[in-house]
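Visitor: return a 3D structure for these sequence lines:
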Amino acid sequence: MRRRSGLALAMAVLAGCLSLNSSARTQTPPAENATPTPDNAVMITVFLKHDQSRPLGEINAQLEKQGYYKAFPPPGVEVVSWYIMMGIGQVVTLRFPASRLREVNRVLENSAWGAYRTEFYPTYDYKAVGIAQHDKAK
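Guide: Reported below is the predicted structural model:
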């Protein structure tokens, strides 16, 4: 249930962003040609939670069979960060044009499900703001 609610939240946020900027809605290039720009880029953090009832070799074999390593991330999708969170799985933050959200979701549904449980979260870069606030407080 959480997987779907996270994706639903991400889609609602993206729909709201696009409705605020009519030029983004009317000038968005086709998904296969889209490149992230300040006007159309979104970031999503994906939790790929391991199925801990299965050994890693079995999970990796399933991912290979499903084409995960070839399909994810899709070409042209920027990987902002990709970490292993021990005891959880992988945490991947991606940046891409909003028009490619469905494509990114489908790649994960087709290639990662079964080996991972997925959760999606809309994400934004706060590092510069957080560091500035910290420096200001010194």
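Visitor: who touches H134 in this structure?
Guide: For H134, no contacting residues are found, by Cβ atoms under 8 Å, 6 or more residues apart in numbering. Using the backbone N, CA and C atoms, a C-beta is placed for each residue, glycine as well.
Visitor: spatially central, which residue of this protein would that be?
Guide: Nearest residue to the geometric centre of the chain (Cα atoms, centre = their mean): I44, 3.6 Å.
Visitor: name the helix or strand for that residue, please.
Guide: strand 41-50 (DSSP states H and E).
Visitor: just checking, what packs against that strand?
Guide: On a contact count with 3 or more Cβ pairs under 8 Å, 6 or more residues apart in numbering; DSSP states H and E, strand 41-50 meets helix 2-20, strand 89-97, helix 101-111, strand 116-123.
Visitor: and it, which strands flank it?
Guide: strand 89-97 (antiparallel), strand 116-123 (antiparallel) (DSSP bridges).
Visitor: which of the residues in the first one are buried?
Guide: Going back to what we said before, that points to strand 89-97. Of all the residues in strand 89-97, those buried under the rule 16 or more other Cβ atoms under 10 Å are G89, V91, V92, T93, L94, F96, P97.
Visitor: nearest to A61, of those residues?
Guide: The nearest member of these to A61, counting by Cβ to Cβ, is G89 at 16.3 Å.
Visitor: hang on, the earlier thing: list the beta-bridge partners for the residue nearest to the centre of the chain.
Guide: With DSSP bridges as the rule, I44 is bridged to L94, P122.
Visitor: dump the residue contacts of V80.
Guide: Going by Cβ under 8 Å, 6+ apart, V80 touches M43, T93, L94, R95, D125.
Visitor: check the spacing between the residue nearest to the first one when sequence neighbours are not counted and P75 real quick.
Guide: Read that as M43. Leaving out its chain neighbours, the residue that sits closest to M43 by Cβ to Cβ, 6 or more residues apart in numbering is T123, at 4.2 Å. Counting by Cβ to Cβ, to the nearest Å, the gap from T123 to P75 is 21 Å.
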